[in-house]
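> no letters, just coordinates:
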């Protein structure tokens, strides 16, 4: 095959995948089909040694945003929520759910940053089960939580 033929086939494949991967309009501006990203928030210096306080801020921020906690490992600095299906409710057999993860990072016994991830899953039910399934992340919720945690923990 020559180069033009390969480019044409690649373009056809790309367009086909894009058409098959159409997501509901309600999610077009917020759901990214990709590996979920981690965003880092540097913790202000005055809080580096106050782990109990920054831990409680993380827990309360999650609860304030109407998520339930599935896993809390204070010793390792990890919090993960249950899947929440009420962030965006879709119709026509589409199902969307999101999950929040927080990870506190220590450097020389001081907690210097927190990592935030908002993973999402989107599925469409068909006659024989799931007809489409996508993993990704919710940009709107990620930005909202990032700004909330930044204002509570970050440098001013």
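Nice, thanks for sending it over. Remember, predicted model here, so these are calculated numbers, not experimental data. Numbering: from 1, shown residues only.
> test my guess that residue 100 contacts residue 115.
No - using C-beta atoms under 8 Å, residue 100 is not in contact with residue 115, being 11.3 Å away. C-beta: built from backbone N, CA, C; applies to glycine.
> next SSE after the strand or helix carrying residue 62?
Element membership of residue 62, judged by DSSP states H and E, is helix 51-64. Toward the C-terminal end, the helix or strand that comes next after helix 51-64 (DSSP H and E) is strand 69-73.
> so what does that next one touch, helix or strand wise?
Here strand 69-73 touches helix 51-64, strand 78-81, going by 3 or more C-beta pairs under 8 Å, 6 or more residues apart in numbering; DSSP states H and E.
> which parts of the strand or helix carrying residue 121 are buried?
Assigned by DSSP H and E, residue 121 falls within strand 110-126. For strand 110-126, the neighbour count (16 or more other C-beta atoms under 10 Å) marks 111-114, 116-124 as buried.
> any idea of the mean pLDDT in it?
What strand 110-126 shows for mean pLDDT is 91.
> against which helices or strands is that strand packed?
For strand 110-126, the packing partners by 3+ C-beta pairs under 8 Å, 6+ apart are strand 38-42, helix 51-64, strand 94-107, strand 129-138, helix 139-153.
> between strand 94-107 and that strand, find me the angle.
Angle, strand 110-126 to strand 94-107, by axes from the mean of the first three to the mean of the last three C-alpha atoms, to 10 degrees: 170 degrees.
> tell me how many other residues crowd residue 141.
Neighbours of residue 141 under the rule other C-beta atoms under 10 Å: 20.
> quick one: it and residue 87 touch, right?
Yes - between residue 141 and residue 87 there is a contact under C-beta under 8 Å: 6.3 Å.
> show me how far stretch 124-139 is from its chain's centre.
Chain-centre distance of stretch 124-139: 16 Å, with C-alpha atoms, centre = their mean, to the nearest Å.
> flag every buried residue along that stretch.
So, applying 16+ other C-beta under 10 Å, buried residues of stretch 124-139: 124, 134, 136-138.
> ok, residue 72 - how many residues close by?
Residue 72 has 16 nearby residues by other C-beta under 10 Å.
> dump the residue contacts of it.
59, 78-79 (C-beta atoms under 8 Å, 6 or more residues apart in numbering).
> which among these end up buried?
The neighbour count (16+ other C-beta under 10 Å) marks residue 79 as buried among those.
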